[in-house]
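**Q** here are the coordinates; sequence isn't available:
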């Protein structure tokens with residue numbers, strides 16, 4: 001069940017509340033926040049590196065990294081970023097290549113580009129201070145409505161609701177919200193529900209933070225996608241998914257579509273123990289990262305190798321790779337070529353190419369599948 005498909009903007013606050021009470025149990029709506037806060041204080045996560053702080057910079061950094069990425073993966077990246085960029089000003093003034101190199105392997109590289117742009121906006125236009133309101137935060141690059149609410153809540157104690165993937169899963173199961181949460185109609189209804197559950201003005205800032213953290217914790221630790229631990233959930237007796245045995249059906253999955261398959265050929269051009277890397281355009285897949293030169297087919301790749309002065313007679317295949325993105329799969333056919341000339345005889349290099357010793361790859365932001373390929377190559381040369 002979900003609320004009317006009418007736009008939230010066309011309903012008054014009273015009308016929305018009436019619709020909620022007609023759709024969901026009134027007692028559950030009223031008790032949801034207090035029960036979640038009590039649970040979080042005893043059973044929630046309290047020792048994550050970005051907790052126990054009101055530093056908006058650290059909270060923002062963690063929230064961007066945690067988008068579509070597990071906590072265990074984020075923690076080491078978060079620590080390295082803070083060590084290299086302890087303040088938003090330090091991040092804003094760093095070379096973009098340094099930022100991309102530290103982000104390499106974390107995926108969803110648009111986040112890194114937006115992170116860098118956002119740091120520059122905060123440093124240059126806001127004096128190094130993040131806006132304190134959801135509206136102000138949401139105007140910054142890479143910060144959407146839910147992320148803005150999380151930052152405002154944790155950093156400034158704002159009474160705002162979040163609605164990330166974990167929260168959508170919790171609400172869909174506990175309240176029995178039908179439909180795919182990514183569908184606009186369903187998502188609008190979920191926002192209305194989520195907003196109604198935020199602790200009221202009588203709650204303390206600590207209550208609000210515990211509530212927001214509790215939503216994240218419940219979805220990440222108990223109400224997980226694959227194997228929810230329903231017996232330990234504070235809402236087990238009221239949860240529609242549990243009481244109807246529909247944990248696997250709620251929330252509804254994204255309608256299935258055929259995943260397109262793309263193919264590319266990559267040139268592994270070697271000069272001794274160094275490989276040529278090429279910087280990708282700032283937008284698009286792996287935007288701003290260093291990768292291997294590409295071509296649409298093997299013949300075109302050989303032409304590229306010849307253009308760099310490679311001996312095409314030595315071009316040979318490596319094991320193919322497949323990398324899965326959100327909306328497509330990429331088949332990678334790597335080909336190794338050796339230089340036939342000394343490096344000085346090559347066509348003059350441009351700013352978007354670099355000869356990199358394999359032992360120094362860590363200093364460059366390289367996509368995960370390319371890094372895997374080069375690590376294997378480095379291992380074979382040791």
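**A** Yep, that arrived. Here the structure is a predicted model, which is why all the values come from computation and not from measurement.

**Q** when you work out contacts or count neighbours from here on, use the C-alpha atoms and nothing else.
**A** Fine.

**Q** where along the stretch 201-350 of the chain do the strands fall?
**A** Taking DSSP state E, counting those that start in this stretch, the strands of the stretch 201-350 of the chain run over residues 261-271, 274-279, 290-291, 294-295, 316-317, 321-324, 329-338.

**Q** residues making contact with the third one?
**A** With CA atoms under 8 Å, 6 or more residues apart in numbering as the test, strand 290-291 has contacts from 277, 278, 279, 280, 364, 365, 366, 367, 370.

**Q** redo that, cut-off 10 Å
**A** 97, 100-101, 104, 266-268, 276-281, 352-354, 361, 364-371 (CA atoms under 10 Å, 6 or more residues apart in numbering).

**Q** sheet partners, orientation included, of that strand?
**A** Paired with strand 290-291 in the same sheet, following DSSP bridges, are strand 274-279 (antiparallel).

**Q** swap in the fourth one?
**A** In the sheet containing strand 294-295, the strands it pairs with under DSSP bridges are strand 261-271 (antiparallel).

**Q** quick one: distance of the strand it pairs with to the chain centre.
**A** 26 Å (CA atoms, centre = their mean, to the nearest Å).

**Q** swap in stretch 110-123?
**A** On CA atoms, centre = their mean, the centre of stretch 110-123 falls 14 Å from the chain's centre.

**Q** rebuild the strands of the stretch 201-350 of the chain as TSV, extending it with distance to residue 116 and mean neighbour count.
**A** Shown next, in TSV, are the strands of the stretch 201-350 of the chain (distance: least, CA to CA, whole Å; neighbours: other CA atoms under 10 Å):
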stretch	distance to residue 116	mean neighbour count
strand 261-271	28	19
strand 274-279	17	20
strand 290-291	17	26
strand 294-295	26	18
strand 316-317	37	13
strand 321-324	25	13
strand 329-338	27	19
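
**Q** between the ones you listed, which one is nearest to residue 310?
**A** Nearest of the strands of the stretch 201-350 of the chain to residue 310, taken as CA to CA: strand 329-338 at 5.7 Å.

**Q** what mean pLDDT does the closest one get?
**A** The average pLDDT for strand 329-338 rounds to 93.

**Q** now the following helix or strand past that strand: buried residues?
**A** Sequence order places strand 353-357 as the next helix or strand after strand 329-338, per DSSP states H and E. For strand 353-357, burial by neighbour count (16 or more other CA atoms under 10 Å) applies to 353, 355, 356.

**Q** now the second one, nearest residue through space, not along the chain?
**A** It refers to residue 355. residue 276 (4.6 Å; CA to CA, 6 or more residues apart in numbering).

**Q** return the residues in contact with that neighbour.
**A** Contacts of residue 276 by CA under 10 Å, 6+ apart are 267-270, 290-293, 308, 353-358.

**Q** residue ranges with poor pLDDT in the stretch 201-350 of the chain?
**A** Within the stretch 201-350 of the chain, the stretches with pLDDT under 70 are 341-350.

**Q** equivalent analysis for the stretch 1-150 of the chain, please.
**A** Across the stretch 1-150 of the chain, the ranges flagged by pLDDT under 70 are 1-12.

**Q** and the helices in it?
**A** For the stretch 1-150 of the chain, the helices defined by DSSP state H, counting those that start in this stretch cover 13-23, 26-43, 56-65, 71-84, 88-93, 96-103, 110-125, 134-138, 145-156.

**Q** quick one, which of those helices is packed in tightest?
**A** By mean neighbour count, with neighbours taken as mean count of other CA atoms under 10 Å, helix 145-156 ranks first of the helices of the stretch 1-150 of the chain at a mean of 24.

**Q** next helix or strand past that one?
**A** Next along from helix 145-156, by DSSP H and E: helix 165-175.

**Q** taking helix 13-23 as reference, get the angle to that next one.
**A** Per axes from the mean of the first three to the mean of the last three CA atoms, to 10 degrees, the angle that helix 165-175 makes with helix 13-23 is 60 degrees.

**Q** how near is the nearest residue to residue 270 once chain neighbours are set aside to residue 314?
**A** Excluding the flanking residues, the one nearest residue 270 by CA to CA, 6+ apart is residue 338, at 5.1 Å. Distance of residue 338 to residue 314, computed by CA to CA, to the nearest Å: 6 Å.

**Q** could you do residue 256 as well?
**A** 44 Å.

**Q** which one's more surrounded, those two?
**A** residue 314 (13 against 6; other CA atoms under 10 Å).

**Q** in CSV, list the helices of the stretch 1-150 of the chain along with distance to residue 185.
**A** CSV is the format used below for the helices of the stretch 1-150 of the chain (distance: least, CA to CA, whole Å):
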stretch, distance to residue 185
helix 13-23, 15
helix 26-43, 21
helix 56-65, 26
helix 71-84, 30
helix 88-93, 37
helix 96-103, 34
helix 110-125, 26
helix 134-138, 22
helix 145-156, 17
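
**Q** quick check: phi and psi on the most centrally placed residue in the chain?
**A** With distances taken as CA atoms, centre = their mean, the residue of the chain nearest its centroid is residue 67 (3.2 Å). Main-chain torsions, residue 67, degrees, to the nearest 10: phi -60, psi 120.
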